[in-house]
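> prediction below, plus the sequence it came from.
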Amino acid sequence: MEQSLTIKTPGKLMVAGEFAVLEPYHHLVVMAVDRFVYTEIIDSDKKVVTLKDFQLHDLEWKFVNGEVVFNHTDTRLAFVKEAIGVTLTYLEEVNSTLQPFSLVITSELDDNDSGLKYGLGSSAAVVTSIVTAILTKFLPETPTRELIFKLASIAHIKTQGNGSGADIAASTYGGVLNYTSFQAEWLKEELSKQPNIVKLVEKDWKYLSIKPMKFPSTIQVCIGWTGNPASTGSLVSHIKSLKDLRPDRYTAFLHKSERAVSSILTGMEHDDAKLFFDGIRLNREALAQLGIDAQVEIETDKLYKLSVAAENYGGAGKLSGAGGGDCGLAFIPEQQSRQKLYDDWEKTGIQTLQISIHLEGSSLVKPE
């Protein structure tokens, strides 16, 4: 009889500190959300991968000389390929006994009807889910969060070449996190110097920090979707151009972002809603000005209206992630009516998403 296990991995939403997190020691707040990627790993003589959401079924693969090779050339397999390859290389290095297996991956992170992306971190969640599934299957003990995070980050950077890793942290650890990035360039350099995955995982990642946090107890979190997916890569390239051409404006943004995130984190640590709201507003201002300076639309008209609506109820709102579309977050006092805010959003074409914080990271689904 075929044995199988299933891993459930949450998506994410960035809360504050976007773009600045790409610089060393700049803090970002990120939260895991209750939309998931599921990865089922099955004992199987035939090594195949099925990605249900892409209508890719039973794609054969093999692991040869540290590389995963598919019998299919679809570019959407790139993250899957590296996630399997990096994890199997690690397991070989620690002398784990490996058996053939198949994977079935299902995602509920995007819009069911249109297939449009909400911005919940699908590639990061898929990579984290695959890494967790393979480690859980073949390691004699439950894999540590740190091991899952580092292997998923290595696979993601090998595929994409950039990124902060905050989405992977949210998918791995769950809850709300205070995060500083390992720095993609640092990790790429380490990979070129140190091909041994075990040694790289055991090394201190000097820029990285991950600390669990909680939102102030007197606030509500509301999530709205603009209906337009954003292109993070394109926005990041514009910001890099600003850094090169107008370093004074870029530095001003970093200072303002850090002040904002510091206020947010202090508000969370001391259960102080006012400090938290002040920080969200300041971070929103910093990101909007960054867009103006970089001549790219970070805060769109809908994201602006989403935030203003939150302020009308005594709270604060801002874009989530790179902006230019995707989701926005609103934080309002607990005594205010969510429904009134949602009604205001609906009038401006913003769709309310029934999404909440998910406290658990990537983990095994226990059989019922």
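Cool, got the structure. Residues are numbered from 1 along each chain as shown.

> now do the same contact list for Ile42.
Counting by CB atoms under 8 Å, 6 or more residues apart in numbering, Ile42 touches Glu2, Gln3, Ser4, Phe101, Ser102, Leu103, Val104. The C-beta positions use only the backbone N, C-alpha and C, and glycine is treated the same way.

> and the fifth one, what helix or strand is that in?
Using DSSP states H and E, the element containing Ser102 is strand 101-107.

> so where is the stretch 101-250 of the chain shaky, pLDDT-wise?
112-116 (pLDDT under 70).

> show the contacting residues for Ser129.
Ile7, Lys8, Thr9, Val37, Tyr38, Thr39, Ile105, Ser171, Ser362.

> mind checking the SS state of the fifth one?
Following DSSP: H, G, I helix; E, B strand; the rest coil, the label given to Tyr38 is strand.

> could you report the neighbour count for it?
18 (other CB atoms under 10 Å).

> check the first one too.
Taking other CB under 10 Å as the neighbour definition, Ile7 ends up with a count of 26.

> can you dump the C-alpha atoms of the helix or strand hosting it in PDB for me?
Element membership of Ile7, judged by DSSP H and E, is strand 4-16. Extracted in PDB, the C-alpha atoms of strand 4-16 (Å, rounded to 0.1, in the frame of the first residue of the first chain):
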ATOM      1  CA  SER A   4       1.700   9.300   2.100                       C
ATOM      2  CA  LEU A   5       1.800  12.400   4.200                       C
ATOM      3  CA  THR A   6       0.500  15.900   3.600                       C
ATOM      4  CA  ILE A   7       2.100  19.300   4.500                       C
ATOM      5  CA  LYS A   8       0.100  22.400   4.900                       C
ATOM      6  CA  THR A   9       1.900  25.700   4.400                       C
ATOM      7  CA  PRO A  10       0.500  29.200   4.900                       C
ATOM      8  CA  GLY A  11       0.900  32.200   2.600                       C
ATOM      9  CA  LYS A  12       1.900  35.600   3.700                       C
ATOM     10  CA  LEU A  13       1.200  39.300   3.700                       C
ATOM     11  CA  MET A  14       3.800  42.000   4.300                       C
ATOM     12  CA  VAL A  15       2.800  44.400   7.000                       C
ATOM     13  CA  ALA A  16       5.500  47.100   7.000                       C
END
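
> buried set for the strand holding Ser102?
Phe101, Ser102, Leu103, Val104, Ile105, Ser107 (16 or more other CB atoms under 10 Å).

> ditto for stretch 70-85
Those would be Phe70, Leu77, Phe79, Val80, Lys81, Glu82, Ala83, Ile84, Gly85, for stretch 70-85 by 16+ other CB under 10 Å.

> go on, stretch 262-275?
Buried-residue list, stretch 262-275, by 16+ other CB under 10 Å: Ser263, Ile264, Leu265, Gly267, Met268, Ala273, Leu275.

> where does the closest residue to Arg76 other than its chain neighbours land on pLDDT?
Nearest residue to Arg76, sequence neighbours excluded (CB to CB, 6 or more residues apart in numbering): Phe54, at 5.5 Å. For Phe54, the pLDDT comes out at 80.

> same question, the one 4 residues further on
Asp58 carries a pLDDT score of 93 in this model.

> also Met1?
In this model, Met1 carries a pLDDT of 44.

> OK, contacts around Val201?
By CB under 8 Å, 6+ apart, the neighbours of Val201 are Tyr90, Leu147, Lys150, Leu151, Ile154.

> now render the residues you listed as CSV, adding distance to Gly324, secondary structure and neighbour count.
Shown next, in CSV, are the contacts of Val201 (distance: CB to CB, whole Å; DSSP: H, G, I helix; E, B strand; the rest coil; neighbours: other CB atoms under 10 Å):
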residue, distance to Gly324, secondary structure, neighbour count
Tyr90, 36, helix, 24
Leu147, 34, helix, 20
Lys150, 30, helix, 26
Leu151, 30, helix, 29
Ile154, 28, helix, 28
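
> which pair of those spans the longest distance?
Leu147 and Ile154 (10.9 Å; CB to CB).

> any idea how far Leu77 is from His57?
13 Å (CB to CB, to the nearest Å).

> same question but for Leu235, I mixed them up
34 Å.

> which stretches of the stretch 151-300 of the chain form helices?
166-173, 184-193, 197-202, 232-245, 247-269, 273-294 (DSSP state H, counting those that start in this stretch).

> sweet, I'm off.
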